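>>> whatever this is, show me its structure:
(chains A and B)
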Amino acid sequence: MIRILKQIFRTGIVTEPLPTEIDSEITEVGTKLEDAIRKRFRRSLTIRQVDSGSCNGCELEIHAINNPIYNCERFGIHFTASPRFADMLLVTGPVTRNMEIALRRTYNSTPSPKLVVAVGDCGCSGGIFGESYASLGSIDKVIPVDVFIAGCPPTPAALLHGILRAVGNK
Amino acid sequence: MSVLIDAITPVLGAEFRRDEGLHPSSIPSCIVSREKFAETAKAMKSVHALLAAEWASDETLFGRGFGIYACYRWGAEYLIIKTEAPFDDPTFPSLTKRFLPAYRFERQIHSLMGVTPAGHPDLRPWIKFEDWPEDAWPLRKSFDASKPMPRVFGEYKFVRAEGEGVYEIPVGPVHAGIIEPGHFRFQAVGEDILNLEERLGYVHKGIEKKFELLSWQEGSRLAGRVSGDTTVAHSLGYCMALETMTGCSVPERAQWLRALFLERERIANHLGDLGAICNDAAFAFMLYQMSRLREIMLRTNHKLFGHRFIMDRIIPGGVAADIDADGKELILKELKKLLKEFNKLVTIYDENSSLEDRVRDTGILIPDKAREICAVGIVARASGLNLDCRMQNPFPPYDRIELNVPVLISGDVHARAWVRVEEVRESIRIIRRILETLPSGEILTEAGIPAPDTSGFSAVEGWRGEIVYWLQAGPNSEINRCMVRDPSSVNWLGLEQAVLGNIVPDFPLCNKSFNQSYSGHDL
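Sure, this is the predicted structure:
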């Protein structure tokens, strides 16, 4: 136990102010966002992540926004297990034929008003997989999308920025 | 002399016909009649060989029917046995009775290529869903992959258990966490799992078919997206198979850089997994600590190589990112810090008795079972199988790096976690060695285009385990077929075995300790 406590104290708080690449923009959006989340979502934005056919690259980066360095919970962003509790669906793609029905069901289970954010180049356009017998392409071919986050995969900073954008828009 | 060749010689006798089109020539391959296909499997079984992969290729463009290939491995040896089935009689004898992993390989061949394994016990579709048209065989040349398929009515019959108190738990495809989709069907009594049936295929994106539409150069980009967490190893596997076909010799510096990328990918994923395993045993402290270390590595990757996962940096003919003296310095400094912190965390893992209570004796895959399913990678090494391509089938520069391969025999969650711990330390050592030895020179050369009707084979040890690529050039030197065998294709079978008799709430922990890829399996 003493080792655990020691490690915790030695590590301290590693959460960073959002990275410099989009810093000026993000501090601005960040403050606005906190306001938006506070007002519209009673201080918490709950996200359900849906993988509708990605290669797992985007999922790894979505995991990363939960790590202590990006620490998305400080903005009131929280990931939930059930679409029924969600305010936002964070969907990675391309939508495969075999996942189409599951994606539609998840979307229908999410209470309105809801936000949908398409993540990654494949989610935005179908990416390298494109459209074929097995892949339907971008997310908006199947469900309405509010915001697109490009990148293969998008960096955690880009993901946060995109989520903030989606909340700010509404 | 070769054990595998010796074993099949009495079966084939004078019938032994070498497949001249396969590269590298160091891997023996032969073409046998359909009758002998199952007999050779029996001979392979008798010398304790493992089945590494089984696949089919539509060879109608060459004026032949279907080629069915089985790849066996024994220690450092590989052997590929091919048989041919005419187009109007697409069947071949099933190997499932001899080799368990053939069970899924053959279902896949049946579903996607429309070639029937005669004598297979279970021909329900695999990856192909019940709502696909029956005659949709996407890997056939006659199939038009650009058109969407209509949905038809169909039903997938799960295995059922009956009796007093037996109930069923369906899970997925959309899971509770931030993970890929797949369906698990549990039969349980009380909390004990009687049976687990996996149903995968949800992320089938038509990757193998897509390869056939791409140029050889573009192929490495797609290979890098077969499974996003294993992007380095997959693009390496693809490039190596292509380079053996064209006879391209990759510059030495590029080979060492490839190994550097591969080991960095291994460390980053192992760190993530160790954190996630502990988190599934409700020890969130470790998740945050490990993900912090992982983030440090990814940032260094981004800074030095321009991508956090080093995606698209391995290309046919070499690599697309180099490192200078400052970069080396940065990595050495990062690793020193990382190892120090990592060792502290491992001590905490090791001394935590409540964690130990969860991870030990949970989800045991006994060595016999692991051998039966021909497990590879971490899963194999945690269950007593000493398998590692970097050691047994070393591709440069691993033929010049001495390697310690950790092998445990308990086969439980702890063993799979501990193999990762040891591998992180070993990979750090290897990276230091690479940076010491890194020769100077070019990093890229012309990859070339393979000759028609040749094929190329490669096996690479990714962080999950052995990845197999087999490429075939068509009549106009285009990609005729690209077979991808991710370690997940065999190891998923291990999870079904390991959870039996465990309690349902331990399933996430068992699953996380395997951490197999859905995308790499479904393709």
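>>> in chain B, which residue sits nearest chain A?
Among the residues of chain B, B:Gly228 lies closest to chain A, at 2.5 Å counting by C-beta to the nearest C-beta. All C-beta atoms are positioned from the backbone trio N, CA, C, and that covers glycine.
>>> how about the strands in chain A?
Under the criterion DSSP state E, chain A contains strands at A:45-51, A:77-79, A:88-92, A:95-96, A:115-119, A:135-137, A:147-149.
>>> out of the ones you listed, which one sits most buried?
strand A:95-96 (a mean of 30; mean count of other C-beta atoms under 10 Å in any protein chain shown).
>>> partners of it in the sheet?
Here strand A:95-96 is paired, per DSSP bridges, with strand A:135-137 (antiparallel).
>>> contacts for the strand it pairs with?
Outside strand A:135-137, the residues that touch it by C-beta atoms under 8 Å, 6 or more residues apart in numbering or on different chains are A:53, A:93-97, A:100, A:125-126, A:129-131, A:142, B:148, B:205-206.
>>> quick one, grab the pLDDT at B:Leu79.
The model reports B:Leu79 with a pLDDT of 90.
>>> for the closest residue in space to B:Glu252 that isn't next to it in sequence, list the residues it contacts.
Nearest in space to B:Glu252, with sequence neighbours left out and distances taken as C-beta to C-beta, 6 or more residues apart in numbering or on different chains, is B:Pro439 at 4.8 Å. Going by C-beta under 8 Å, 6+ apart, B:Pro439 touches B:252-253, B:256.
>>> and B:Pro439, how close does it get to B:Arg253?
Note on B:Pro439: its distance to B:Arg253, by C-beta to C-beta, to the nearest Å, is 5 Å.
>>> just checking, what packs against the helix or strand harbouring B:Leu335?
Element membership for B:Leu335 (DSSP states H and E) is helix B:325-351. Contacts defined by 3 or more C-beta pairs under 8 Å, 6 or more residues apart in numbering or on different chains; DSSP states H and E place helix B:325-351 against helix A:2-11, helix B:252-280, helix B:284-305, helix B:413-437.
>>> and those, which is most packed in?
helix B:252-280 (a mean of 24).
>>> which secondary structure elements does that one contact?
So helix B:252-280, by 3+ C-beta pairs under 8 Å, 6+ apart, packs with helix B:231-246, helix B:284-305, strand B:318-319, helix B:325-351, helix B:413-437, helix B:507-514.
>>> if we use 7 Å, what do you get?
Using 3 or more C-beta pairs under 7 Å, 6 or more residues apart in numbering or on different chains; DSSP states H and E, the elements in contact with helix B:252-280 are helix B:231-246, helix B:284-305, strand B:318-319, helix B:413-437, helix B:507-514.
>>> contacts only, for the one residue in chain A that gets nearest to chain B.
In chain A, the residue found nearest to chain B is A:Gly57; the distance is 2.5 Å by C-beta to the nearest C-beta. A:Gly57 is in contact with A:153, B:228, B:309, counting by C-beta atoms under 7 Å, 6 or more residues apart in numbering or on different chains.
>>> now the residues you listed as JSON lines including neighbour count, distance to B:Glu162 and pLDDT?
Output for those, formatted as JSON lines (neighbours: other C-beta atoms under 10 Å in any protein chain shown; distance: C-beta to C-beta, whole Å; pLDDT from 0 to 100):
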{"residue": "A:Pro153", "neighbour count": "32", "distance to B:Glu162": "45", "pLDDT": "91"}
{"residue": "B:Gly228", "neighbour count": "26", "distance to B:Glu162": "41", "pLDDT": "91"}
{"residue": "B:Phe309", "neighbour count": "26", "distance to B:Glu162": "46", "pLDDT": "93"}
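>>> ok, so of those, who is nearest B:Ser46?
B:Gly228 (40.1 Å; C-beta to C-beta).
>>> now residue 69, what are its backbone angles?
Answering for chain A, as no chain was given. phi -80, psi -40 (degrees, to the nearest 10).
>>> oops, wrong one, chain B.
When quoted as degrees, to the nearest 10, the phi and psi of B:Tyr69 stand at phi -120, psi 140.
>>> ok, what's across the strand from the closest residue to it other than its chain neighbours?
Sequence neighbours aside, B:Lys82 is the residue nearest to B:Tyr69 in space, at 5.0 Å (criterion: C-beta to C-beta, 6+ apart). Beta-bridge partners recorded for B:Lys82 (DSSP bridges): B:Ile31, B:Tyr69.
>>> what's the offset of the worst-scoring helix or strand of chain B on mean pLDDT from the middle of its chain?
In chain B, the helix or strand scored least confidently by mean pLDDT, DSSP states H and E is strand B:17-18, which has a mean of 76. Centroid displacement of strand B:17-18 relative to its chain, using C-alpha atoms, centre = their mean, to the nearest Å, is 28 Å.
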